[in-house]
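>>> what follows is a protein structure lacking sequence information:
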């Protein structure tokens with residue numbers, strides 16, 4: 001339900017150009033970084049709308065995020081259709097298989113109802129949503145989120161109405177004051193927002209408050225343009241307070257392709273590590289040579305076969321060729337690699353194969369030339385026959401479309417499986 005400045009649906013009142021980076025980008029970056037810090041593996045986007053935040057949470061194939069499951073919930077069917085399109089895999093997801101599975105479930109349902117299928121998620125975010133809720137729905141928020149779903153971490157963002165003083169067109173503090181969006185039912189001050197401490201205490205959560213979005217000359221006493229509450233469960237061992245569930249409507253389940261080949265042995269993994277390590281150390285002059293672990297981990301193949309960085313560190317830590325430095329950020333390489341000689345041998349083999357193929361092609365062309373070589377006399381006989389041909393008859397040869405169709409077979413895409421694959425548009429919507 002978060003509005004994306006720059007889209008036709010965005011509120012025109014908020015001067016996004018004043019924020020650097022844009023306010024919506026700051027919100028998403030804050031949420032993403034917070035989820036990484038808490039190492040969450042599953043996230044519910046409550047009030048996901050068109051999926052602008054939900055799709056932003058999809059980790060890329062070279063991301064160090066550990067999220068493997070996402071879910072979006074909203075009441076608007078039209079918005080959810082857009083969310084489904086926004087969350088579908090990109091071509092890169094098919095070409096570079098991620099090392100961990102990832103699925104996204106899109107549900108139609110209200111935030112004042114709970115669905116049992118979402119009861120085991122690590123985290124729940126509610127970005128720019130609560131201000132759109134009617135009082136009866138908002139009254140159920142803490143019961144559903146903290147008392148029923150009971151995730152480890154909950155992030156709620158909402159506008160700070162005090163910051164509206166910087167937007168003259170909103171006429172803050174006057175009887176004609178307007179809210180930032182026509183659909184907002186309210187906008188809280190910071191003290192009003194902090195009243196949610198009572199809900200946190202009731203369900204045994206701690207809560208901290210912060211915010212994102214300031215202007216160059218804004219007053220610190222007025223806080224941020226967007227205020228943020230972070231709820232953390234204080235007792236993971238306790239059962240949820242409520243267990244009343246109603247099913248949402250599951251509209252779509254999107255499953256991303258991932259690398260699921262059989263697990264390699266330690267020796268096989270080590271062989272792959274050595275293969276890539278020799279190119280990372282290069283011809284460095286210092287001995288022993290030091291490599292940043294992140295450079296090795298950024299190689300997709302290494303992530304695929306190890307799954308976790310912890311596994312990679314165990315592999316290198318158990319090998320005498322490597323010495324992992326304290327902190328695990330760098331590793332000393334004690335082994336010597338001969339890159340150029342191996343590379344040269346491979347090049348020589350390739351060149352020999354290419355030369356053999358060229359020789360075979362030349363021989364084949366000579367044979368074809370001999371078979372199709374017509375003598376001078378044959379050519380002369382053919383020309384005589386043409387000259388003797390009746391000119392009127394020659395004019396009657398009509399190379400029209402119908403004649404062309406006699407020897408042309410039209411390609412039927414529907415009957416050609418290969419054709420269907422090649423003409424399909426794999427581009428991301």
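Received, thanks. Keep in mind that this is a model prediction, so the values were computed, not measured.
>>> now the helices for the stretch 201-350 of the chain?
266-281, 293-297, 300-306, 309-317, 339-371 (DSSP state H, counting those that start in this stretch).
>>> any regions of this structure where pLDDT drops low?
By pLDDT under 70, the low-scoring segments of the chain are 1-17, 62, 64-65, 283-286, 339-355, 359-429.
>>> strands along that one, start to end?
In order along the chain, the chain carries the following strands (DSSP state E): 42-46, 69-74, 102-108, 123-127, 153-159, 205-212, 226-233, 249-256, 289-292, 322-324, 330-333.
>>> packing partners of the last one?
In other words, strand 330-333. strand 289-292, helix 293-297, strand 322-324 (3 or more C-beta pairs under 8 Å, 6 or more residues apart in numbering; DSSP states H and E). Heads up, the C-betas are built off the backbone N, CA and C, glycines and all.
>>> could you report the neighbour count for residue 229?
22 (other C-beta atoms under 10 Å).
>>> distance check, the closest residue in space to it that isn't next to it in sequence against residue 137.
Nearest non-adjacent residue to residue 229, counting by C-beta to C-beta, 6 or more residues apart in numbering: residue 156, 4.6 Å away. Distance, residue 156 to residue 137, by C-beta to C-beta, to the nearest Å: 14 Å.
>>> of these two, which one has the most company?
More crowded of residue 156 and residue 137, by other C-beta under 10 Å: residue 156, with 23 against 17.
>>> contacts only, for the more buried one.
Residues near residue 156 by C-beta atoms under 8 Å, 6 or more residues apart in numbering: 125-127, 130, 196, 228-229, 231.
>>> for those residues, which one is nearest residue 146?
Residue 146 lies nearest to residue 231 out of the contacts of residue 156, by C-beta to C-beta, at 6.7 Å.
>>> skipping adjacent residues, who's closest to the closest one in space?
Nearest non-adjacent residue to residue 231 (C-beta to C-beta, 6+ apart): residue 154, at 3.9 Å.
>>> okay, now that neighbour: neighbour count?
24.
>>> and what of the one 3 residues further on?
A count of neighbours around residue 157, defined by other C-beta under 10 Å, yields 27.
>>> same list, the contacts of residue 156, but as TSV with distance to residue 179 please.
Shown next, in TSV, are those (distance: C-beta to C-beta, whole Å):
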residue	distance to residue 179
125	22
126	18
127	17
130	13
196	20
228	19
229	20
231	25
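>>> from those residues, which single one is nearest residue 321?
residue 125 (43.9 Å).
>>> can you count the residues close to the closest one?
Residue 125 has 26 nearby residues by other C-beta under 10 Å.
>>> residues contacting it?
With contact taken as C-beta under 8 Å, 6+ apart, residue 125 is in contact with 31, 35, 43-46, 53, 154-156.
>>> and if we set it to 7 Å?
Residue 125 makes contact with 31, 43, 45-46, 53, 155, according to C-beta atoms under 7 Å, 6 or more residues apart in numbering.
>>> distance of the closest residue to it other than its chain neighbours relative to residue 30?
Spatial nearest neighbour of residue 125, excluding adjacent residues (C-beta to C-beta, 6+ apart): residue 155 at 4.6 Å. From residue 155 across to residue 30, the span is 8 Å (C-beta to C-beta).
>>> now do the shared contacts for the two.
Shared contacts of residue 155 and residue 30, defined by C-beta under 7 Å, 6+ apart, comprise residue 228.
>>> domain ranges for the chain?
23-256, 266-333 (the TED database).
>>> now for these, which one comes closest to residue 358?
domain 266-333 (30.4 Å).
>>> related to what we said a few turns ago, need the winner for burial among the domains of the chain.
Compared across the domains of the chain, domain 23-256 shows the largest average neighbour count, a mean of 18 (mean count of other C-beta atoms under 10 Å).
>>> how about the helices of the stretch 1-150 of the chain, start to end?
Using DSSP H, counting those that start in this stretch, the helices found in the stretch 1-150 of the chain span residues 23-37, 52-56, 77-86, 91-95, 135-138, 141-144.
>>> identify the residues contacting stretch 256-275?
By C-beta under 7 Å, 6+ apart, the list of residues contacting stretch 256-275 reads 89, 93-94, 97-102, 301-302, 304-306, 315-316, 319.
>>> one more: stretch 39-46?
Defining contact as C-beta under 7 Å, 6+ apart, one finds that stretch 39-46 is touched by 35, 53-54, 57, 66-73, 111, 118, 121-126, 129, 152-153.
>>> could I get the domains of the chain as CSV with distance to residue 356?
Shown next, in CSV, are those (distance: least, C-beta to C-beta, whole Å):
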stretch, distance to residue 356
domain 23-256, 32
domain 266-333, 28
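>>> who touches residue 79 in this structure?
By C-beta under 7 Å, 6+ apart, residue 79 lies in contact with 49-50.
>>> any idea how far it is from residue 129?
12 Å.
>>> then residue 52?
Residue 52 is 12 Å from residue 129, by C-beta to C-beta.
>>> got a list of contacts for stretch 132-146?
1, 110-112, 114, 124, 130, 154, 183-185, 199, 203, 205, 231, 242.
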